[in-house]
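Novice: Sequence plus the predicted model coming up.
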Amino acid sequence: MILSMTGYGRAVVNCDGKKINIEVKSLNSKQLDIQSRIAPLFREKEMELRQMVAEAVVRGKVDFALWAEQADLGDATSINVARAESYYRQMAELAARLGLPMPTDVLSALVKLPDVLAHQEETLDDRVWQQVRQGVAEALQQLTDFRRQEGAALERKFCEKIDAIEALMLQLEPYEKSRVEKIRQRITDSLAQLPGVEYDQNRLEQELIYYIEKLDISEEKQRLENHLRYFRETMDGSAGQGKKLGFIAQEMGREINTTGSKSNQAEMQNLVVRMKDELEQIKEQVLNVL
């Protein structure tokens, strides 16, 4: 089973008149990279939240956000009325003594003075935290389900590309058989065009065998077939096989490249180019596999 590294999950928790939103998004990355934005009330639980995300995501670039739509979830702010009245009286006395008018916007001036606004930090209730924690688990489960759906689509794409490479590999066989005779005929014709040159027929056959063996792609085809089979088997394994699939794709590329270097016919080289195209699409998509 394949899981994609691309996913999205969201949950909403309504508790004590507060609407708490949880959102988690993930993209492909070589390592686990978690970026979090957490409401002040839940900062004390940040390590536990990151641990939950890490266990669910395993690998990828993750954007985790937890916020509230109501302002009272964070730090509550109240006005110290007695302190504001005291400031107002002092301002009025100072203005009368100096013969200056009072500011037109007294309230704006008052709230900027020290200790007029008092901040009261809200404490996290365990009941609220348990509900939020359940919401986080729900969002992470949605993300996992999303990844599973994307992974199924990737698996279908991989199977399609693997089948295409196998089909192209089979199309090489007719050209392998015909090119031996073509090589033999080309060399014989070239020797016949050289005036006054005599050659040993047995020695010529030996050299032809040696030359043809250097162009033989049987081993490359066998290894490529093994890599294709191993790729399929790895896809059927447990999740987290993205790096291994990438390594297998690299080995497949080596065999295809060697086949291309030994293919001295335009038809065979065209088939190799098409195989490379299919493989490149596999390599691009493998980067999204967990």
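Specialist: Looks like it arrived, so ask away.
Novice: Work out for me the element the closest residue to residue 244 other than its chain neighbours sits within.
Specialist: With sequence-adjacent residues excluded and distances taken as C-beta to C-beta, 6 or more residues apart in numbering, residue 244 is closest to residue 234, at 5.5 Å. Just so you know, the C-beta spots here come from the backbone N, C-alpha and C atoms, and that holds for glycine as well. Using DSSP states H and E, residue 234 sits in helix 218-235.
Novice: And that helix, how far out from the chain middle?
Specialist: The gap between where helix 218-235 is centred and where its chain is centred comes out at 25 Å by C-alpha atoms, centre = their mean, to the nearest Å.
Novice: Skip ahead from that helix and say which helix or strand is next.
Specialist: With DSSP H and E, the next secondary element past helix 218-235 is helix 242-262.
Novice: What are the buried residues along that next one?
Specialist: Neighbour-count burial for helix 242-262, counted by 16 or more other C-beta atoms under 10 Å, picks out 242, 244, 245, 248, 249, 252, 253, 255, 256, 258, 259, 260.
Novice: what's the closest of those residues to residue 178?
Specialist: Closest approach between those and residue 178, by C-beta to C-beta: residue 259, at 16.5 Å.
Novice: what about the helices in this protein?
Specialist: Taking DSSP state H, the helices of the chain run over residues 46-57, 81-98, 106-111, 126-170, 173-192, 201-215, 218-235, 242-262, 266-286.
Novice: Distance to residue 10 for the ones you listed - can I get that in TSV?
Specialist: Below are the helices of the chain laid out as TSV (distance: least, C-beta to C-beta, whole Å):
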stretch	distance to residue 10
helix 46-57	14
helix 81-98	42
helix 106-111	37
helix 126-170	6
helix 173-192	53
helix 201-215	58
helix 218-235	29
helix 242-262	25
helix 266-286	26
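Novice: and those helices as CSV, adding mean pLDDT and distance to residue 29?
Specialist: Formatted as CSV, the helices of the chain follow (pLDDT from 0 to 100; distance: least, C-beta to C-beta, whole Å):
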stretch, mean pLDDT, distance to residue 29
helix 46-57, 94, 10
helix 81-98, 85, 52
helix 106-111, 80, 46
helix 126-170, 94, 14
helix 173-192, 73, 42
helix 201-215, 70, 43
helix 218-235, 93, 21
helix 242-262, 92, 11
helix 266-286, 93, 14
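Novice: Noted, bye for now.
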